[in-house]
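1. the sequence and its predicted three-dimensional model are supplied below.
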Amino acid sequence: MKQISQNYKSGDVVIERVNTPALKPGGVLVQTQYSAISIGTEGMKVKEGKLSLLGKAKARPDQVKKVVDSVLQQGLIATYQKVMNKLDSLTPLGYSISGVVIAVGAGAEEFQVGQRVACGGAGYANHAEINFVPKNLVVAVPDNVAMEHAAFTTVAAVAMQGFRQAEMQLGETACVIGLGLLGQILIQLLRAGGVNVIGIDLMDDRLRMAEEFGATFASKPNAADLAMKISNTTGGIGIDCTFITAGGNSNKPVELACEIARDRGRIVDVGKTKLDLDWNEFYMKELDVRFSRSYGPGRYDPNYEEKGIDYPPGYVRWTERRNMESVLDLISQGLVDLNPIVKGVFPFSDAEQVFQDLAEGKNISIGVVFQHPNKIESSTRLWSTGANQENKVLEGKVALGVIGAGNYASSMLLPHLQKRSDVSLTEVATATSLSAANAAAKFGFARTSTNYKELLADENIDAVLIATRHGAHAPMVVEALQAGKITYVEKPLAINLDGLESIQKAISESGNDQIMVGFNRRFSPLVQEIAKQFKQTQLPLVMNYRVHAGQMEEGSWYLDTSGHGTRFVGEAGHFLDVFSFITGARPVNVVAKSLRPANMKADDLENMVVTIQYEDGSIGNLSYLTQGSAKVPKEFLEVFGGSKTIQLHNFEHLTIFEANSSKKFSSGSMNKGQKEEMLSFVAAAKSGSDMPISLTSLFDTTAVTLAAMESLRTGQTIELADYCGHLMNGSNTD
């Protein structure tokens with residue numbers, strides 16, 4: 001199938017040939033008939049894409065702050081790699097479509113194949129011939145609503161949410177500043193709600209359209225008689241509520257809104273515009289400034305949008321889905337008329353030129369839709385035109401299949417395999433179409449897929465690299481081992497004991513124990529030096545590892561602990577594996593304590609200290625911290641033993657203190673061992689030798705991680721022999 005994508009680094013917008021997205025539970029596959037362009041939102045994206053890197057930074061200061069914080073914690077090189085990878089990636093455009101359901105996932109049986117629907121959601125309702133959309137972002141289209149009009153449902157729901165935020169009453173007077181697509185729809189919504197409306201814009205044709213839609217009058221903002229007209233219309237009271245649907249860097253819209261507002265009036269910001277508020281003016285009128293967030297409650301909530309968990313109407317009357325339904329109902333009744341607005345219907349094949357015109361600021365209609373073809377060539381698997389497209393494993397090469405190609409895999413793992421003469425990047429499988437296409441473009445995979453099971457079934461693929469979200473690791477590892485694949489999986493190996501036990505069972509039944517987990521830090525040259533320094537020491541060690549993980553951003557998928565485990569479970573294996581590697585001893589027991597403040601947040605339980613006792617008497621103390629300053633480097637390790645102390649400073653340098661001397665090693669950069677790890681895995685896979693990390697160590701580290709969470713739950717020291725001894729002993733194949 002085909003899909004529009006944007007490369008934010010170059011700004012290029014192109015039609016890509018990509019895989020059909022996978023059908024997942026809780027949603028539907030929709031064959032798109034029409035996809036609407038949001039002139040404001042998408043216009044801003046394509047224009048930003050054409051800016052220089054400095055221009056992009058100025059346009060997104062919020063992202064610049066994140067980059068600065070990342071440099072302080074992760075180092076310049078690692079941050080640069082991640083930022084450049086993200087910039088130089090294909091991203092989807094579009095968020096408002098109409099189409100026909102062609103497949104229904106489990107849990108979304110309220111929809112039927114062949115049903116006409118409208119869909120919303122950035123990353124879901126894309127300018128693509130087929131989209132997977134979760135059920136709470138899908139609504140049925142009434143029979144008398146044209147599909148080209150239904151394509152604007154989500155855009156209109158943005159205007160609807162602005163209307164609801166204003167809480168206007170029958171007979172009040174509103175003003176809409178900015179009469180583009182949102183403004184024209186909002187004019188009609190206000191009139192349908194019995195509100196008198198005034199429209200303001202710079203363009204004559206938009207002023208005329210607003211008056212045709214029922215505005216009392218429409219005017220340019222600098223018209224000499226504007227104040228008099230408003231006074232006459234409102235009986236000298238002023239505007240009850242002003243909606244700002246304009247965008248840009250000018251402060252004039254909000255200044256005008258303040259000027260025309262009545263005493264204790266309201267201002268609702270719907271567009272993305274500058275809001276430099278004059279304290280005196282707003283104070284003297286005691287104005288109420290409100291923001292309207294997208295298309296309603298549920299937006300940005302993964303439980304609502306991705307898991308399909310609705311809010312009860314008694315508590316949240318108008319969610320984003322119910323707003324979309326309300327819009328379609330008004331269109332069906334003729335109270336919202338899109339005929340005068342939808343003037344640009346372009347074939348999807350013209351999309352590149354349309355976006356080019358938009359980026360150049362050419363005057364195109366405010367209501368533009370792409371009409372998609374009825375017949376679509378679709379596949380869950382797509383061959384490239386590269387030299388490896390026949391999927392023949394060349395002698396001496398490891399044919400590698402990759403499942404999941406997010407930012408970490410694309411910036412920290414795959415670059416080390418891209419130009420290896422002993423690796424054939426055969427196939428990449430991702431849940432979303434553009435992710436696979438992006439990985440293929442960057443790294444030269446022979447083919448792409450949205451069905452990882454086809455990848456695992458391919459007998460010509462020797463090894464797989466699994467880099468999906470954490471909850472999928474154990475089930476995919478089981479499938480990969482059963483398929484006879486040499487398996488690399490990013491940490492964690494499993495997020496619970498059931499997952500770990502299923503892997504042990506798969507190893508036992510298949511006889512395939514060629515598995516490696518992405519505990520890369522043991523491969524770092526500086527950690528290798530620490531292990532070397534203590535290799536001859538027969539005395540127990542004391543190891544103190546301080547990790548400042550930082551607070552999680554709102555909306556982070558790590559907060560979905562039911563599906564993917566906690567962030568500690570996902571990340572702690574890195575640090576616990578370092579303890580195991582340095583001591584060479586197996587863990588005996590674990591105790592963990594965490595902060596429990598009165599106003600506890602989701603990640604406060606992970607502001608914790610874990611202590612592990614090892615068979616040789618060594619002690620490992622892991623301080624995993626979330627509440628400190630973002631300016632503190634992420635990792636610091638200190639090891640004591642045999643009259644020697646070694647300090648590792650954030651993988652940048654190492655200081656060794658001995659009885660009468662000290663010396664320092666430097667890695668030259670923040671080297672956490674990803675390259676060395678990848679090459680070790682490939683070498684073992686190619687030669688058929690044992691994996692670089694023993695199976696016993698992989699199970700031990702995973703067991704310690706899970707036992708730490710059990711200790712938090714019970715408040716007890718967890719003896720590993722009692723907690724999961726059958727798993728740890730069963731993994732001992734050394």
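-> Arrived safely, thanks for sending. Residues are numbered from 1 along each chain as shown.
2. and this structure, what are its domains?
-> Structural domains assigned to the chain are 2-152+338-371, 155-291, 384-520, 522-673+690-730, following automatic domain parsing.
3. could you dump those domains into CSV and include mean neighbour count?
-> Every C-beta, even on glycine, is put in place using the N, C-alpha and C of the backbone. Formatted as CSV, the domains of the chain follow (neighbours: other Cβ atoms under 10 Å):
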stretch, mean neighbour count
domain 2-152+338-371, 19
domain 155-291, 19
domain 384-520, 20
domain 522-673+690-730, 18
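4. for Trp318, find the nearest of these.
-> Proximity to Trp318 (Cβ to Cβ) singles out domain 155-291 among the domains of the chain, at 5.6 Å.
5. still on that earlier bit, can I get the domains of the chain in JSON lines with mean pLDDT and distance to Leu328?
-> Formatted as JSON lines, the domains of the chain follow (pLDDT from 0 to 100; distance: least, Cβ to Cβ, whole Å):
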{"stretch": "domain 2-152+338-371", "mean pLDDT": "86", "distance to Leu328": "6"}
{"stretch": "domain 155-291", "mean pLDDT": "95", "distance to Leu328": "9"}
{"stretch": "domain 384-520", "mean pLDDT": "90", "distance to Leu328": "27"}
{"stretch": "domain 522-673+690-730", "mean pLDDT": "88", "distance to Leu328": "28"}
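6. for Val682, find the nearest of these.
-> domain 384-520 (5.7 Å).
7. elements contacting the longest helix seen in the chain?
-> Criterion DSSP state H: the longest helix present in the chain is helix 695-714. Contacts defined by 3 or more Cβ pairs under 8 Å, 6 or more residues apart in numbering; DSSP states H and E place helix 695-714 against helix 497-510, strand 515-517, helix 567-571, helix 573-583, strand 587-594, strand 608-614, strand 718-719, helix 720-730.
8. TSV for those, including distance to Val158?
-> Shown next, in TSV, are the helices and strands packed on helix 695-714 (distance: least, Cβ to Cβ, whole Å):
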stretch	distance to Val158
helix 497-510	41
strand 515-517	44
helix 567-571	33
helix 573-583	42
strand 587-594	41
strand 608-614	41
strand 718-719	51
helix 720-730	51
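9. out of these, the one nearest Gly40 is which?
-> The minimum distance between Gly40 and the helices and strands packed on helix 695-714 falls on helix 567-571, with 35.6 Å, by Cβ to Cβ.
10. follow-up on the earlier one: for Asn303, find the nearest of the domains of the chain.
-> Across those, the minimum distance to Asn303, taken as Cβ to Cβ, is reached by domain 522-673+690-730, at 8.0 Å.
11. on that earlier part again, how about the domains of the chain, which one is nearest Val327?
-> Checked against Cβ to Cβ, the stretch from those lying closest is domain 155-291, at 4.3 Å.
12. just the helices in the stretch 201-350 of the chain please.
-> 204-212, 226-234, 252-260, 279-285, 302-305, 320-333 (DSSP state H, counting those that start in this stretch).
13. in JSON lines, list these along with distance to Gly725.
-> Shown next, in JSON lines, are these (distance: least, Cβ to Cβ, whole Å):
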{"stretch": "helix 204-212", "distance to Gly725": "73"}
{"stretch": "helix 226-234", "distance to Gly725": "78"}
{"stretch": "helix 252-260", "distance to Gly725": "66"}
{"stretch": "helix 279-285", "distance to Gly725": "66"}
{"stretch": "helix 302-305", "distance to Gly725": "37"}
{"stretch": "helix 320-333", "distance to Gly725": "49"}
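14. any idea how far stretch 698-715 is from the chain center?
-> Centroid separation between stretch 698-715 and its chain, computed with Cα atoms, centre = their mean, to the nearest Å, is 28 Å.
15. any idea how far Thr234 is from Phe132?
-> 48 Å (Cβ to Cβ, to the nearest Å).
16. for Leu500, that is, sorry about that
-> Leu500 is 69 Å from Thr234, by Cβ to Cβ.
17. same thing with Arg567?
-> 54 Å.
18. Asn621 now?
-> 69 Å.
19. wait, which of the helices and strands packed on helix 695-714 is closest to Asn196?
-> Asn196 lies closest, by Cβ to Cβ, to one member of these: helix 567-571, at 51.9 Å.
20. list of residues touching that closest one?
-> Helix 567-571 has contacts (Cβ atoms under 8 Å, 6 or more residues apart in numbering) with 470, 491-492, 495, 547, 549, 552, 558, 564, 603, 606, 608, 624, 705-706, 708-709.
21. next one: stretch 201-217
-> Here stretch 201-217 makes contact (Cβ under 8 Å, 6+ apart) with 173, 176-180, 183-184, 187-188, 191, 196-199, 218-221, 229, 233, 337, 340-341, 366.
22. if anything else comes up later, I'll come back, but that's it for now.
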